[in-house]
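Peer 1: I'd like to go over a predicted model; first the sequence, then the structure.
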Amino acid sequence: MKVLNGKDELEPSDNPWDWLGPGIYFWEHDPIRALAYAVENSQGKQFNKKRIKTPFVLGAVIELGNCLNLVESESIKVLSEAFQGVQKIYSVTGQKMPVNKGNNRALDCEVIKHIHQSNINESKNPFNTIRSAFQEGNEVYPGASFSARHHIQVCVCQPQLIKGYFLPRPVKTFNPHL
């Protein structure tokens, strides 16, 4: 409620397992999935540094700005080139490459961080947001390519692009604790 009322801000996540790198994460057009995550986190079934005390869904109006949209071919090319850059760095330094394991997406995070750093090094415009499909959960039916928790996530790297917050409707459905 403090964020909704302008008395507080959402805190960016910066964990080594954050698959889209540092930023503020949102489910795109899916308050049901957002509520499920909040409830599971409050019950200790979803890991986060801070456990959610009261499950709550907050909608946001986000200007994507310069978006690394990983559902577009051009952005996939950027991602692939960044992975090659990470491989080269780890090969030269003799360090072990990070790996994705279960919900820990350390390799993905490292590749995204490499993209951000490369943009700085090459004086390119930084990415303000990152948007990608996220395959999660069991297959919907045997042999399906669809997963039960498949969704689009948006990572906001520049918080000033969050233009406002709102309570999704119906309020009692998405915020039963209000």
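Peer 2: Received it, and whenever you're ready, just let me know what you need.

Peer 1: what about the longest helix in this structure?
Peer 2: Ranked by residue count and defined by DSSP state H, the top helix of the chain is helix 73-93.

Peer 1: report the buried residues of it.
Peer 2: S75, V78, L79, A82, F83, V86 (16 or more other C-beta atoms under 10 Å). All C-beta atoms are positioned from the backbone trio N, CA, C, and that covers glycine.

Peer 1: okay, that helix in CSV with CA atoms only?
Peer 2: Extracted in CSV, the C-alpha atoms of helix 73-93 (Å, rounded to 0.1, in the frame of the first residue of the first chain):
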residue,chain,number,x,y,z
SER,A,73,14.9,-12.2,-33.3
GLU,A,74,17.2,-9.1,-33.1
SER,A,75,17.4,-9.4,-29.3
ILE,A,76,18.1,-13.1,-29.5
LYS,A,77,21.1,-12.2,-31.6
VAL,A,78,22.3,-9.8,-28.9
LEU,A,79,21.9,-12.5,-26.3
SER,A,80,23.8,-15.1,-28.4
GLU,A,81,26.7,-12.7,-29.0
ALA,A,82,26.8,-11.8,-25.2
PHE,A,83,27.0,-15.5,-24.4
GLN,A,84,30.1,-15.8,-26.6
GLY,A,85,31.6,-12.8,-24.9
VAL,A,86,31.0,-14.4,-21.5
GLN,A,87,32.5,-17.7,-22.7
LYS,A,88,35.6,-15.8,-23.9
ILE,A,89,36.1,-14.0,-20.6
TYR,A,90,35.8,-17.2,-18.5
SER,A,91,38.1,-19.0,-20.9
VAL,A,92,40.8,-16.3,-20.7
THR,A,93,40.5,-16.0,-16.9
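
Peer 1: what segments of the chain are strands?
Peer 2: When secondary structure is read from DSSP state E, the chain shows strands at 24-27, 59-62, 67-69, 100-101, 104-105, 129-134, 151-156, 162-166.

Peer 1: and the third one, which strands flank it?
Peer 2: What it means is strand 67-69. Each strand paired with strand 67-69, and its direction, by DSSP bridges: strand 129-134 (parallel).

Peer 1: any idea of the mean pLDDT in the partner strand?
Peer 2: Mean pLDDT, computed over strand 129-134, is 95.

Peer 1: now do it against strand 162-166, angle only.
Peer 2: Comparing the axes of strand 129-134 and strand 162-166 via axes from the mean of the first three to the mean of the last three C-alpha atoms, to 10 degrees yields an angle of 60 degrees.
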